[in-house]
Structure formats: structure tokens, C-alpha cells
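> Sequence plus predicted model, see below.
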Amino acid sequence: MNDKSTSDDGAPAQAEASADRTTETATFAAGCFWGVEAAFRQVPGVVSTMVGYTGGTRDKPSYRRVCTGRTGHAEAVQVVYDPQRLSYDDLLAVFWDNHNPTTANRQGPDIGTQYRSAVFFHDDEQRASATRSRDELDASGRFRRPIVTEITPASTFWPAEDYHQQYLEKRGLSTCRI
């Protein structure tokens, strides 16, 4: 998998493989991005992942600023995948299975808008799939409370600092679930 996470000039970036027309990009927020990234990196057909910040109002957000909860950004994972090997619906299943979509602005001990559950769609097809998936899961009875996951257009994705990229892998960990 590709480890490139930022452009050479520090500008917002998509994972490198997204320029290749044989791949597609998906963006998800589901709490602390370390565990979310690790979950997606295990999926066959995922070409690369990048953790970062999206959905906020400030340019060039840093981890320190995002942690204040005042930038509006969510900790998110941008996933580049091969649609010949993996569908967007498959990615949605990984997303739903790896967090609690019924808690607003919280995952485990992490509290704040930066830890919200959100699907940032890149086109109308992703929007429709995410909405259908959420509604079907909500109606399934799997959760006692309603799903509060946002489904919103993708905006500028700002890569997180290098030390956050593949954070768990760098430390020999596979998950940070509590």
C-alpha cells in the first residue's frame, strides 16, 4: 500500500493513487482516525489510506487545533480503492462495523465534534449508497438508538501530520478499540 500522505508543498491532498482512473476515493469519519484507518487498511482492494481532517471551516488545520473542537473538522480517513476488487458498499459495511453510529460526537472515550460519525461522499452515487445503507441499517433493529451519522459532501481533505499516518502499524498494534 502507498504510504504517501501529503503533497510536497503541504497542500491538501488526496492519496496518490486517486489520480489513477482505475481507483476511486471514499472518505469516512468514525471517531479517532487511527483505528478507522487500520480497519480499512486490512481490506483487500484498498490501495491506500490517509488520515486527515475534513468537514471544517479553517484552512490547514493541525491536530492540535482540531482537538479543540473549534475548527469544525472531523478526524477522517480517505480510502483509495480498486472498484474492480471492492465496492463502495463493501467499504460502507466496514465503516458501519467499526464504530457506533448512534452516538453523536463521541466514540468510546473520545468526545467532541472531531469524533463524529460521517460519510463524506464524492459523488451522487456514493451519496445514494450511503443514505440507503444507513437507512437499511437503522431499520434493521441492530441498534437500540437511531443512527446519527452525517452524510455530507466531501470537502477539502487536509492530511494529518506524518506521525498520525498508519499510527497503529508503526507501533505494532492492530487496533485501538476499547
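Thanks, I have it.

> May I see the buried residues of the helix or strand hosting Arg132?
Arg132 belongs to helix 124-139 when elements are defined using DSSP states H and E. With burial defined by 16 or more other CB atoms under 10 Å, the residues of helix 124-139 counted as buried are 126-127, 129-130, 133-134, 137-138. For the C-beta atoms, the positions are set from N, CA and C on the backbone; glycine is no exception.

> Helices of this protein, residue ranges please.
According to DSSP state H, the chain carries its helices in the segments 33-41, 63-66, 88-97, 124-139, 167-170.

> For Thr156, find the nearest of those.
Of all these, it is helix 63-66 that lies closest to Thr156, at 13.4 Å by CB to CB.

> Quickly, which of the helices of the chain bottoms out on average pLDDT?
Confidence, taken as mean pLDDT, is least for helix 167-170 of those (a mean of 66).

> got a list of contacts for stretch 152-161?
Identification of contacts with stretch 152-161 by CB atoms under 8 Å, 6 or more residues apart in numbering yields 5-6, 12-14, 27, 33, 50-55, 59-63, 73, 75-76, 78, 118-122, 127, 165.

> Now stretch 79-86: buried residues?
For stretch 79-86, by 16+ other CB under 10 Å, it's 79-81, 86.

> Okay, strands next: where are they in the protein?
In the chain, the strands defined using DSSP state E lie at 24-30, 46-54, 74-81, 106-107, 110-111, 117-121, 150-153, 158-159.

> now the first one: mean pLDDT?
For strand 24-30, the mean pLDDT works out to 97.

> Does anything pack onto it? Which helices or strands?
Under the contact criterion of 3 or more CB pairs under 8 Å, 6 or more residues apart in numbering; DSSP states H and E, strand 24-30 touches helix 33-41, strand 74-81, helix 88-97, strand 117-121.

> so what strands line up beside that strand?
Strand 24-30 has the following sheet partners, assigned by DSSP bridges: strand 74-81 (antiparallel), strand 117-121 (antiparallel).

> can you check the fifth one too?
Within its sheet, and counting by DSSP bridges, strand 110-111 is paired with strand 106-107 (antiparallel).
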